[in-house]
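Chemist: Model the following, please.
(2 chains)
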Amino acid sequence: MCLAIPGEVVKIEDDSCFVDYGGVSREASTRLFPTVKVGDFVLVHAGFVIQIIDPEEAAELVKLSQEAGFRD
Amino acid sequence: MIDLSKRRSPQLINELKRQIELLCQNEVILAYNRPLVIMEVCGTHTASIYRYGIKSILPKQLKLVSGPGCPVCVTTNDILEKALAVACCPEVIFTSFGDMMRVPAASGSLLQRKSEGADIRIVYSPLDALKIAAENPSKQVVFFAIGFETTAPTTAAAIEKAAEKQIKNFSVISVHKTMPEALKLLLPDSKVDGLLCPGHVAAVTGAAAFDFVASELGKASAVAGFEPADIMEAIIAILQSIISGRPVLVNSYPRFVKTEASSYAVAAMNRVFKPCDATWRGLGSIPASGLALREEFAAFDALKRFPEAAQVTGADNPACRCGSVLRGELDPGDCPLMGKVCTPASPAGACMVSGEGACAAYYKYRLK
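Modeler: Down below sits the predicted model:
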């Protein structure tokens, strides 16, 4: 139930955004986190952005993903 | 894309396993002369612990038990019977998260009512339910709002949007619950030595909301993520805290959890809801552990809109031991119903239904 999925914000429209989960993009509401911007890594639960990843943590995760060959 | 597969790598898991084994040889831990009990109170943790076989690689000095962390599981049959009555009203389109569909009350389940013709739809978000309401103005669309502090703000946001857009045929049955009051009731008299705090609840409330577990209740605690390495690092933090003799709260999930609350989400929750007494399966009535709609949003209360359905009552199945499982007193494998009369295809209780219920996870990953 409290499952939440991390993804990258790729587009913002009104009170929602599009979040890329590694190839699949879905709309998520930004009503609970209106300060998100394109490029942020966010946590999405039940169709809402509920948290943003600490930028340093995000950079580290992206680095790990690059090392594993998941990201250019 | 963020790839978390390194958080599952065998090398890392083996290293963490070695650290846990080493800590369990500390004289403070050995002096307990019994296994240390660490409870998780998030259904997603329960599912991860079983899925990755974490129990099977921990030393015998540690015992992991599940608490009341699955919102489907802690929802009582009484409220489910009310929901079933609402769902059967001819003018209603009833919407629910999928996990709730097969939970059996005495009179049946939402899935059974759907098969009998009631218009019951699974949604992924309360906004999906709101969209159905906007598209069906001649119908009453009711959302079955279950979940803890992670989910309650999403319901609050949907209700505020309904108010803004004047979508008047939308309402919710609020069964939302908050975790701290339940822990304050459950932990002091329990055998629990340490607590894995729910990572995605804490992503909303902030880690500081769980400070009381150590400062008031004296239990070592760690906010944990959901990959196997996240859970094992949190266990290490709890062991270190116990060994130090000064129980503290450690945030072991800093990539998503800040010390302070997510201000917009908590503000939305507080604008729409106020604390109320709530009845939990297995724990009974707990003061101020539920979320009721505030007066200004009372028009969105489905149980006020359907007063006859609100009068329906229900009782939990006395043969079902879900209550003991939710208090961490009964291991799912020790339940006499497990795998015999209670299976995912024919569940006797809620813990066997939800993918995050301890019994369903045990049945799927442990029962041979």
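
Chemist: Please count neighbours and contacts with C-alpha atoms only from this point.
Modeler: Fine.

Chemist: residues from chain A in reach of chain B?
Modeler: For chain A, the contact set with chain B under C-alpha under 8 Å from any C-alpha of the partner chain comprises A:1-4, A:6-8, A:20-22, A:31-34, A:43, A:45-48, A:50-54, A:57-58, A:61-62, A:64-65, A:70-71.

Chemist: In strands only, show me these.
Modeler: Under the assignment DSSP state E, those contribute A:6, A:7, A:8, A:20, A:43, A:45, A:48, A:50, A:51, A:52 to strands.

Chemist: got JSON lines for those, with neighbour count and distance to residue B:328 too?
Modeler: JSON lines is the format used below for these (neighbours: other C-alpha atoms under 10 Å in any protein chain shown; distance: C-alpha to C-alpha, whole Å):
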{"residue": "A:6", "neighbour count": "23", "distance to residue B:328": "30"}
{"residue": "A:7", "neighbour count": "26", "distance to residue B:328": "34"}
{"residue": "A:8", "neighbour count": "24", "distance to residue B:328": "37"}
{"residue": "A:20", "neighbour count": "20", "distance to residue B:328": "38"}
{"residue": "A:43", "neighbour count": "21", "distance to residue B:328": "29"}
{"residue": "A:45", "neighbour count": "23", "distance to residue B:328": "27"}
{"residue": "A:48", "neighbour count": "27", "distance to residue B:328": "31"}
{"residue": "A:50", "neighbour count": "29", "distance to residue B:328": "29"}
{"residue": "A:51", "neighbour count": "27", "distance to residue B:328": "30"}
{"residue": "A:52", "neighbour count": "25", "distance to residue B:328": "33"}
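
Chemist: for those, which one is nearest residue B:248?
Modeler: Nearest to residue B:248 among those is residue A:51, at 24.3 Å by C-alpha to C-alpha.

Chemist: That closest one - nearest residue in space that isn't next to it in sequence?
Modeler: Counting by C-alpha to C-alpha, 6 or more residues apart in numbering or on different chains, residue A:51 lies nearest to residue A:43, which is 5.2 Å off, once chain neighbours are set aside.

Chemist: Contact partners for that neighbour?
Modeler: If a contact means C-alpha atoms under 8 Å, 6 or more residues apart in numbering or on different chains, then residue A:43 has A:4, A:5, A:6, A:7, A:49, A:50, A:51, A:52, A:53, B:256 as its contacts.

Chemist: for residue B:186, same thing?
Modeler: With the criterion set at C-alpha under 8 Å, 6+ apart, residue B:186 makes contact with B:283, B:327.

Chemist: Kindly recompute the last result at 10 Å.
Modeler: B:67, B:68, B:180, B:192, B:283, B:327, B:328 (C-alpha atoms under 10 Å, 6 or more residues apart in numbering or on different chains).

Chemist: Also residue B:292?
Modeler: The contact partners of residue B:292, by C-alpha under 10 Å, 6+ apart, come to B:173-177, B:272-278, B:298, B:301.

Chemist: for chain B, what are the low-confidence residue spans?
Modeler: Within chain B, the stretches falling below the threshold (pLDDT under 70) are B:1, B:368.

Chemist: Is residue B:141 in a helix, a strand, or coil?
Modeler: strand (DSSP: H, G, I helix; E, B strand; the rest coil).

Chemist: Name the residues linked to it by a beta bridge.
Modeler: Under DSSP bridges, the beta-bridge partners of residue B:141 are residue B:93, residue B:170.

Chemist: Quick one: residues contacting it.
Modeler: Applying C-alpha under 10 Å, 6+ apart, one finds that residue B:141 lies in contact with B:87, B:91-95, B:119-120, B:129-134, B:168-172, B:302.

Chemist: Then residue B:250?
Modeler: Residues in contact with residue B:250 (C-alpha under 10 Å, 6+ apart) are B:196-197, B:207-208, B:210-211, B:214, B:220-224, B:234, B:237-238, B:241.

Chemist: count of neighbours near residue 57?
Modeler: Picking chain A for this. 14 (other C-alpha atoms under 10 Å in any protein chain shown).

Chemist: Actually, chain B is the one I wanted.
Modeler: One way to gauge burial is a neighbour count; for residue B:57, by other C-alpha under 10 Å, it gives 12.
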